[in-house]
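Student: got a predicted structure plus its sequence, pasted below:
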Amino acid sequence: MTEMLTADASPEKRLFISLLTRDISMVAAFLDLVDNSINAAVAPMSSELETAKNYQKVLVNDDVQPTVDIRLKLTTEEIQINDTAPGISATTAAEHVFKFGRASGEPHENDRLSVYGIGLKRAMFKLGNKIRIISDHIEGGFELQLNVREWASDVCQPWGLEISPRAPVDARRCGTSITIGELYDDTVRRLDDGVFEGQLIGAISRTYAFYLAKFVKILVNDKQVEGINIQLGSNYTSEVLTIGDVTCSITAGIAVPEGGSFRDRSSGWFVFCNGRAVISADKTPLTGWSGSGLPIFQPKHRPFLGTVFFVARNAEELPWTTTKAGINEDSLLWQETKRQMISVGRGVVSYLDRRYTDEGTEVASKDLREVAGNKISALAAAASKKKKFEPPKRKPPKNIRIQYDAAVGDVERIKEYLQKPGMGGAEVGRYTFRYFLRNEVGDD
């Protein structure tokens, strides 16, 4: 009998790191680091953020104010991100935080923005070689110092990272600090290109509009980031779906104009997963446009604003990609949601289709403001009660075209009678109409 052999299928760290970091952008890597801080910031309220309705309650509650600061310091020498969130305990770090992925049955209730348990590690590996993490927690935190190249060259199994426990601290001293040094050449070039900081601030503003309003303050090189304020009129359609353990709220209405005009950057569909923006101002077949249920997006559609707000206790059930920068189009959840988006958006689009106007990149109209109604936060409307967009009733036309055929001889006789041989057929028709109206009907 032939002896069975066991083929070596152990992972190779260098390949793993390369695959993990290759398809994530620099901006997305920084957002993963911010996700880690926001997760810690909202953990104390995780039980209050389980449905779209729960999120709405937070949005309209004026007593909820940002309590955590997240500060990013970017230089070509090193990257720092510090937060004042509750921190990570040594136990959690040892058992969960540094795993590549999440084991079956592993608790996830406090992870609103952690999808597959790879974001933090991927972000660090993307940016630089030397990594230091210090986290203080009321139950005792930890410290990690990692040289990525040395760790990658170590072939010992199983994989592990050495961490040092830290003593418990008072709640006021909790927080996490991540420092990344020996930055890679690609990282240095991006940080020094003159535009990266602005791109990152813009991405944070869009991605965390919900969290910036209620939970955290984020500063990039000491510049406080303000979340974009997505507003629409109070006349909108709203539907709430429950698909498995996911709550999905869909709204569609007319955006509030910026500076009197409807801007391209504020129109289309905005999709949020657990409060984090995944796609913004989308006007492609991904969200039903271009013949996928809705027409090709045109200038007359710029007042359209739609939001999709997914909420789930288990972030893995949401239809976002591992980078959290896109939608998994093959997800059954997304396919069902997309059908509902088309249905919800069609009433608004049909109304806008009646406005046959092309005025370039910005379209302004007083009647649109009247139809839209009073402005309301699109995020606050995301979990509102079911309602339907009410387009204005069509005003009856003031004029109607009258057309009929008449014998040429009869028309010539009228022109001869009026002594106006140069009159055209239309002029003869208007003259005879006015004559009848004045002499037979009685024209006021």
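Tutor: That came through fine.

Student: quick one: the strands in the stretch 1-150 of the chain?
Tutor: For the stretch 1-150 of the chain, the strands defined by DSSP state E, counting those that start in this stretch cover 68-74, 79-83, 128-136, 142-147.

Student: and the stretch 301-444 of the chain, by the same measure?
Tutor: Going by DSSP E, counting those that start in this stretch, the stretch 301-444 of the chain shows strands at 304-311, 375-377.

Student: can I get the CA coordinates of the first one in CSV?
Tutor: Coordinates of each C-alpha in strand 304-311 appear next as CSV, following Å, rounded to 0.1, in the frame of the first residue of the first chain:
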residue,chain,number,x,y,z
PHE,A,304,-32.2,63.8,-7.6
LEU,A,305,-30.8,62.6,-4.3
GLY,A,306,-31.2,59.0,-3.0
THR,A,307,-29.8,57.3,0.1
VAL,A,308,-29.5,53.7,1.0
PHE,A,309,-28.7,53.0,4.7
PHE,A,310,-27.8,49.4,5.6
VAL,A,311,-27.5,48.5,9.3
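
Student: please give me every residue in contact with residue 271.
Tutor: By CB atoms under 8 Å, 6 or more residues apart in numbering, residue 271 lies in contact with 277, 278, 279, 282, 287, 307, 308, 310, 327. The C-beta positions use only the backbone N, C-alpha and C, and glycine is treated the same way.

Student: recalculate using a threshold of 7 Å.
Tutor: Contact partners of residue 271, counting by CB atoms under 7 Å, 6 or more residues apart in numbering, are 278, 279, 308, 327.

Student: that one falls within a strand, correct?
Tutor: Yes: assessed by DSSP: H, G, I helix; E, B strand; the rest coil, residue 271 belongs to a strand.

Student: who's it bridged to?
Tutor: residue 279, residue 308 (DSSP bridges).

Student: what pLDDT does it get?
Tutor: Per-residue pLDDT puts residue 271 at 95.

Student: least trustworthy helix or strand in this structure by mean pLDDT?
Tutor: Within the chain, no helix or strand scores below helix 52-60, which has a mean of 72 by mean pLDDT, DSSP states H and E.

Student: quick revisit: for the contacts of residue 271, give me a markdown table that also has neighbour count.
Tutor: Below are the contacts of residue 271 laid out as a markdown table (neighbours: other CB atoms under 10 Å):
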| residue | neighbour count |
| --- | --- |
| 278 | 22 |
| 279 | 20 |
| 308 | 28 |
| 327 | 23 |
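
Student: residue 243: which of those residues is nearest?
Tutor: Closest approach to residue 243 among the contacts of residue 271 (CB to CB): residue 308, at 12.1 Å.

Student: mind listing what that closest one touches?
Tutor: By CB under 7 Å, 6+ apart, residue 308 lies in contact with 248, 250, 269, 271, 272, 337, 341.
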